[in-house]
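1. Give me coordinates for this.
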Amino acid sequence: MRQIHSYVIRVYRRDTDTLAGLVEDVQTGRSAPFQSLADLCDLLSGRKAFARRTTTHPTPRSTTS
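-> Predicted coordinates:
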């Protein structure tokens, strides 16, 4: 049986001819930008790899008065 994948896709259209955005794999947390419909299809089909997941830790703020 094939595994079902879930994605969050954020689409930002620059103009009527351009499609751009970000797609995130919900299971892994990895995300990748896309610059066209072809890029988006490549990411969703697995022909283009997502970036490795990086963990960022917030920098503590100094609370001096």
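2. can you give me the helices for the chain?
-> 37-45 (DSSP state H).
3. which residues of it score low on pLDDT?
-> Along the chain, segments meeting pLDDT under 70 span 52-65.
4. That one: strands as residue ranges?
-> All strands of the chain, identified by DSSP state E, fall at 7-15, 18-25, 31-34.
5. and the ones you listed as TSV, adding distance to residue 44 and mean neighbour count?
-> Glycine gets a C-beta too; all of them are placed from N, C-alpha and C. Shown next, in TSV, are these (distance: least, CB to CB, whole Å; neighbours: other CB atoms under 10 Å):
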stretch	distance to residue 44	mean neighbour count
strand 7-15	7	10
strand 18-25	7	16
strand 31-34	9	17
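6. now those in a markdown table, with distance to residue 1?
-> A markdown table is the format used below for the strands of the chain (distance: least, CB to CB, whole Å):
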| stretch | distance to residue 1 |
| --- | --- |
| strand 7-15 | 19 |
| strand 18-25 | 19 |
| strand 31-34 | 26 |
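7. among the ones you listed, which is nearest residue 46?
-> strand 18-25 (10.5 Å; CB to CB).
8. what does stretch 10-19 rub up against?
-> Residues outside stretch 10-19 that contact it (CB atoms under 8 Å, 6 or more residues apart in numbering): 20, 21, 22, 23, 24, 34, 35, 36, 37, 40.
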